[in-house]
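Visitor: prediction below, plus the sequence it came from.
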Amino acid sequence: MSKVVLEPGSVAPDFTLIDHDDSPVTLSDLRGHGVVLFFYPEAMTPGCTTEACDFRDSLAPLQAAGFTVLGISPDQPEKLRRFRERDALTYALLSDPDHVALEAYGAWGQKTNYGKVYQGVIRSTFVIDEAGNIQHALYNVKATGHVARLRTLIGIEAA
(Lines give C-alpha, C1' and ligand atoms only; values in the text may rest on other atoms or scores of the structure.)
Protein backbone atom coordinates (compact mmCIF):
# COMPACT_ATOMS: atom_id res chain seq x y z
CA MET A 1 0.00 0.00 0.00
CA SER A 2 1.55 3.29 -1.09
CA LYS A 3 1.41 6.33 1.13
CA VAL A 4 -0.20 9.43 -0.35
CA VAL A 5 2.01 12.51 -0.34
CA LEU A 6 0.39 15.64 -1.71
CA GLU A 7 2.57 18.21 -3.46
CA PRO A 8 2.03 21.92 -4.09
CA GLY A 9 -0.01 22.41 -7.25
CA SER A 10 -1.97 19.17 -6.91
CA VAL A 11 -5.75 19.29 -6.54
CA ALA A 12 -6.88 19.09 -2.92
CA PRO A 13 -8.91 15.90 -2.42
CA ASP A 14 -12.55 16.77 -1.84
CA PHE A 15 -14.45 15.38 1.13
CA THR A 16 -17.63 15.79 3.12
CA LEU A 17 -17.30 15.31 6.87
CA ILE A 18 -19.57 16.01 9.83
CA ASP A 19 -18.59 18.93 12.06
CA HIS A 20 -18.88 19.48 15.81
CA ASP A 21 -22.58 20.36 15.39
CA ASP A 22 -23.36 17.24 13.29
CA SER A 23 -23.59 19.37 10.12
CA PRO A 24 -21.92 18.28 6.87
CA VAL A 25 -18.97 20.31 5.59
CA THR A 26 -17.78 19.79 2.01
CA LEU A 27 -14.37 21.14 1.07
CA SER A 28 -15.36 22.04 -2.51
CA ASP A 29 -18.12 24.29 -1.12
CA LEU A 30 -15.31 26.56 0.13
CA ARG A 31 -13.90 27.26 -3.35
CA GLY A 32 -13.26 30.95 -3.80
CA HIS A 33 -11.63 31.11 -0.36
CA GLY A 34 -8.28 29.89 0.86
CA VAL A 35 -8.43 27.02 3.37
CA VAL A 36 -6.01 26.02 6.09
CA LEU A 37 -6.70 22.38 6.83
CA PHE A 38 -4.96 20.82 9.82
CA PHE A 39 -5.07 17.19 10.91
CA TYR A 40 -4.47 16.39 14.59
CA PRO A 41 -4.50 13.10 16.52
CA GLU A 42 -6.99 13.64 19.35
CA ALA A 43 -9.09 16.43 20.82
CA MET A 44 -8.32 17.56 24.37
CA THR A 45 -4.81 16.10 24.51
CA PRO A 46 -1.96 18.47 25.46
CA GLY A 47 -0.27 18.81 22.05
CA CYS A 48 -3.52 19.02 20.12
CA THR A 49 -4.87 21.62 22.55
CA THR A 50 -1.73 23.72 22.08
CA GLU A 51 -2.03 23.55 18.30
CA ALA A 52 -5.80 24.20 18.27
CA CYS A 53 -5.43 27.20 20.59
CA ASP A 54 -2.61 28.58 18.42
CA PHE A 55 -4.97 28.42 15.43
CA ARG A 56 -7.69 30.09 17.53
CA ASP A 57 -5.30 32.88 18.49
CA SER A 58 -4.26 33.38 14.83
CA LEU A 59 -7.77 33.07 13.40
CA ALA A 60 -8.42 36.80 12.88
CA PRO A 61 -5.32 37.43 10.73
CA LEU A 62 -5.87 34.17 8.82
CA GLN A 63 -9.48 35.13 8.10
CA ALA A 64 -8.43 38.68 7.15
CA ALA A 65 -6.10 37.11 4.59
CA GLY A 66 -9.05 35.15 3.14
CA PHE A 67 -8.51 31.75 4.82
CA THR A 68 -11.05 29.44 6.41
CA VAL A 69 -9.52 27.21 9.11
CA LEU A 70 -10.70 23.62 9.53
CA GLY A 71 -9.37 21.09 12.04
CA ILE A 72 -9.83 17.36 11.39
CA SER A 73 -9.41 14.41 13.75
CA PRO A 74 -10.88 10.91 14.13
CA ASP A 75 -12.90 12.13 17.15
CA GLN A 76 -16.70 11.94 17.23
CA PRO A 77 -18.71 15.21 16.96
CA GLU A 78 -19.67 15.15 20.66
CA LYS A 79 -16.01 15.18 21.74
CA LEU A 80 -15.29 17.93 19.20
CA ARG A 81 -18.16 20.00 20.68
CA ARG A 82 -16.68 19.63 24.17
CA PHE A 83 -13.21 20.56 22.85
CA ARG A 84 -14.56 23.72 21.16
CA GLU A 85 -16.45 24.75 24.29
CA ARG A 86 -13.64 23.99 26.71
CA ASP A 87 -11.01 25.92 24.73
CA ALA A 88 -13.23 28.59 23.08
CA LEU A 89 -12.31 27.39 19.59
CA THR A 90 -14.18 29.45 17.01
CA TYR A 91 -13.55 27.51 13.79
CA ALA A 92 -15.02 24.23 12.57
CA LEU A 93 -13.73 20.90 13.83
CA LEU A 94 -14.53 17.96 11.57
CA SER A 95 -14.97 14.31 12.51
CA ASP A 96 -13.18 11.68 10.37
CA PRO A 97 -13.55 8.39 12.29
CA ASP A 98 -13.26 6.33 9.08
CA HIS A 99 -10.04 8.15 8.06
CA VAL A 100 -11.43 9.13 4.65
CA ALA A 101 -9.86 12.62 4.53
CA LEU A 102 -6.91 11.54 6.68
CA GLU A 103 -5.94 8.87 4.15
CA ALA A 104 -6.68 11.06 1.10
CA TYR A 105 -4.24 13.67 2.42
CA GLY A 106 -1.60 11.18 3.58
CA ALA A 107 -2.17 12.18 7.19
CA TRP A 108 -2.91 8.61 8.37
CA GLY A 109 -0.09 6.13 8.53
CA GLN A 110 2.58 4.29 10.44
CA LYS A 111 3.89 5.95 13.59
CA THR A 112 6.33 4.89 16.27
CA ASN A 113 6.05 5.81 19.93
CA TYR A 114 8.44 4.41 22.54
CA GLY A 115 9.37 1.63 20.13
CA LYS A 116 5.77 0.62 19.44
CA VAL A 117 4.67 0.79 15.79
CA TYR A 118 1.01 1.60 15.12
CA GLN A 119 -1.33 3.36 12.65
CA GLY A 120 -2.39 6.87 13.57
CA VAL A 121 -2.76 10.50 12.62
CA ILE A 122 0.34 12.17 11.23
CA ARG A 123 0.03 15.78 12.40
CA SER A 124 -0.16 17.66 9.08
CA THR A 125 -1.33 20.99 7.69
CA PHE A 126 -2.35 21.97 4.17
CA VAL A 127 -2.86 25.39 2.67
CA ILE A 128 -5.38 25.24 -0.17
CA ASP A 129 -5.84 28.12 -2.59
CA GLU A 130 -9.11 29.63 -3.85
CA ALA A 131 -9.16 27.26 -6.84
CA GLY A 132 -8.90 24.16 -4.64
CA ASN A 133 -5.21 23.41 -5.23
CA ILE A 134 -2.59 22.60 -2.62
CA GLN A 135 -0.29 25.58 -2.00
CA HIS A 136 1.63 24.03 0.90
CA ALA A 137 1.67 20.47 2.28
CA LEU A 138 3.35 20.19 5.67
CA TYR A 139 3.72 16.70 7.14
CA ASN A 140 4.94 15.65 10.60
CA VAL A 141 4.62 19.15 12.03
CA LYS A 142 5.18 19.90 15.70
CA ALA A 143 2.23 21.13 17.76
CA THR A 144 4.21 23.91 19.40
CA GLY A 145 5.20 26.84 17.22
CA HIS A 146 3.71 25.34 14.09
CA VAL A 147 1.09 28.05 13.52
CA ALA A 148 3.67 30.85 13.78
CA ARG A 149 5.84 29.10 11.17
CA LEU A 150 2.76 28.60 8.96
CA ARG A 151 1.88 32.29 9.17
CA THR A 152 5.40 33.21 8.13
CA LEU A 153 5.26 30.73 5.25
CA ILE A 154 2.05 32.23 3.84
CA GLY A 155 3.09 35.82 4.54
CA ILE A 156 0.85 36.72 7.47
CA GLU A 157 2.80 38.75 10.00
CA ALA A 158 2.49 38.30 13.73
CA ALA A 159 0.20 40.69 15.53
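Guide: Arrived safely. Numbers count the residues shown, from 1 in each chain.

Visitor: residues contacting Pro77?
Guide: Listed by C-beta atoms under 8 Å, 6 or more residues apart in numbering, the contact partners of Pro77 are 18-22, 95. (C-beta placed from N, C-alpha, C; glycine too.)

Visitor: quick check: the gap between it and His20.
Guide: 6 Å (C-beta to C-beta, to the nearest Å).

Visitor: what touches both of those two?
Guide: Common contact partners of Pro77 and His20 (C-beta under 8 Å, 6+ apart): Ser95.

Visitor: buried only: go through the contacts of Pro77 for me.
Guide: Neighbour-count burial (16 or more other C-beta atoms under 10 Å) applied to the contacts of Pro77 gives 18-20, 95.

Visitor: could those be laid out in TSV, adding secondary structure?
Guide: TSV is the format used below for the buried ones among the contacts of Pro77 (DSSP: H, G, I helix; E, B strand; the rest coil):
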residue	secondary structure
Ile18	strand
Asp19	strand
His20	coil
Ser95	strand
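
Visitor: farthest pair in those residues?
Guide: Ile18 and His20 (8.5 Å; C-beta to C-beta).

Visitor: which residues do those two both contact?
Guide: Common neighbours of Ile18 and His20 (criterion: C-beta under 8 Å, 6+ apart): 77, 94-95.

Visitor: where does pLDDT dip in the chain?
Guide: The chain contains residues with pLDDT under 70 at 1-2, 158-159.

Visitor: which stretches in this protein count as helices?
Guide: Per DSSP state H, the chain carries helices over the ranges 46-57, 59-64, 77-87, 100-104, 146-153.

Visitor: tell me which of the ones you listed sits nearest to Gly71.
Guide: Across these, Gly71 has its closest neighbour in helix 46-57 (6.1 Å, C-beta to C-beta).

Visitor: how far away is the closest residue to Pro24 other than its chain neighbours from Ile134?
Guide: Spatial nearest neighbour of Pro24, excluding adjacent residues (C-beta to C-beta, 6 or more residues apart in numbering): Thr16 at 5.2 Å. Distance from Thr16 to Ile134, counting by C-beta to C-beta: 19 Å.

Visitor: these two: which has the busier surroundings?
Guide: Ile134 (19 against 13; other C-beta atoms under 10 Å).
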